[in-house]
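S.K.: got a predicted structure here, sequence first:
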Amino acid sequence: MALEDDGKPKIVVAGVGGAGCNTINRLMRMGVGDVLPIAFNTDKKHLEIVHEKARKVLLGASVTRGLGAGGFPEVAQKAALVSKSQIAEMLAGTDILFIAAGMGGGTGTGASPVIAQVGKEAGALVVALVTFPFAIERARLKKAQEGLNRILEFADTVVVIDNNRLAEYAPNVQIEKAFELADEITARAISGIARAIFEPSLVNLDFADLKTVMSNGGISMIAVGEGHGYDKVEMAVENTLKNRLLDADVTDARGVLVHISGGTDITIGEVHTAGEVLTKDVAANANVILGARAEALVQGKMEIIAIFTGVGVPLFLRK
């Protein structure tokens, strides 16, 4: 796995299907620096509304004629396989591949495992961030479970965002806004990690750190929170521990990646205090990696994104 000429890893974000492409749009609005965004879809019309600066790949035009997968993962899988050489060309030389997709529909469910496989064959560290349907969506839930099992075969880590927990996180938000919130959380996680790797930070992350935590991470959970004012650290940690977006037990987590953003007044002491409290329940031998950035945009606040890797089978999949 060769890093780019300037010594920085090549980071690609692949948005797969409708939900994944929405994440690409949000990332582009946030600004992603040196990250390469690529939108993959079987739906030509949806690709046309993806940000103009993102690369776009229409999967399996000969299979779907650009009309989408119709909610059938097997159609999307076939489309992705037909386009495998084009996917491989796009992902050549990638060091870190983030895949954003929704599980339970057609393209995200069926095509993302193929893209994960191609990324793995290219030598990349593959981290997928996927959303899971509401419990009442029984047909979509079954497809989602099958899609999750397939992508786990190839991705190093699969961060699962459960829509049911998202609804608890923001109970008064309309469904459409809830989906946008999932996009925002995914985009914030990817952007935060990428910026901590590429740009000078209060506490830097590097490619080796990410690989240590994410390699063979299996099913993983993301938690988010923020605090403000004089007790911002305690508030941010409390909110993060409460806002776990997957019903999973963190005590057996094999690794934890904590990324903290604060104002220009944030201190190393505050960062370490937050990290210690967030990870106090994980095993003593778990790999804990901390990254932190000082940004004027979050002055007077602390924002935390924590990813717990290797948490085992989510509780809702055991039922």
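M.R.: Nice, I can see it.
S.K.: against His272, how distant is Val13?
M.R.: Look at Val13 and His272: by C-beta to C-beta, to the nearest Å, they are 29 Å apart. For the C-beta atoms, the positions are set from N, CA and C on the backbone; glycine is no exception.
S.K.: more neighbours, those two?
M.R.: Val13 (28 against 14; other C-beta atoms under 10 Å).
S.K.: roughly how far does the more buried one sit from Lys53?
M.R.: 13 Å.
S.K.: shared neighbours, those two?
M.R.: By C-beta atoms under 8 Å, 6 or more residues apart in numbering, Val13 and Lys53 have these common neighbours: Pro37.
S.K.: tell me the confidence at the most far-flung residue of the chain relative to its centre?
M.R.: Centroid-distance maximum for the chain: Tyr230 at 30.8 Å, with C-alpha atoms, centre = their mean. With respect to pLDDT, Tyr230 scores 89.
S.K.: neighbours of Thr131, just the number please.
M.R.: A count of nearby residues for Thr131, using other C-beta under 10 Å, gives 28.
S.K.: ugh, typo on my part, it should be Ala88
M.R.: Here the number of neighbours of Ala88 (other C-beta under 10 Å) works out to 15.
S.K.: assumed it was part of a helix.
M.R.: Yes - the assignment for Ala88 by DSSP: H, G, I helix; E, B strand; the rest coil puts it in a helix.
S.K.: quick check: it touching Lys120?
M.R.: No - using C-beta atoms under 8 Å, Ala88 makes no contact with Lys120, being 11.2 Å away.
S.K.: what residues of the strand or helix carrying Arg293 count as buried?
M.R.: Element membership for Arg293, per DSSP states H and E: strand 287-294. Within strand 287-294, the residues that count as buried by 16 or more other C-beta atoms under 10 Å are 287-294.
S.K.: quick check: Leu166 vs Leu129, distance?
M.R.: As judged by C-beta to C-beta, Leu166 and Leu129 stand 13 Å apart.
S.K.: the more surrounded of the two?
M.R.: Shown here are Leu166 and Leu129; by other C-beta under 10 Å, Leu129 has more neighbours (26 against 22).
S.K.: which SS state does the more buried one fall under?
M.R.: strand.
S.K.: same question for Asn285.
M.R.: Following three-state DSSP, the label given to Asn285 is coil.
S.K.: break this structure into its domains for me.
M.R.: Split into domains by automatic domain parsing, the chain comes to 11-198, 221-314.
S.K.: chain center to the first one, what's the gap?
M.R.: In terms of C-alpha atoms, centre = their mean, to the nearest Å, the gap separating the centre of domain 11-198 from the centre of its chain is 9 Å.
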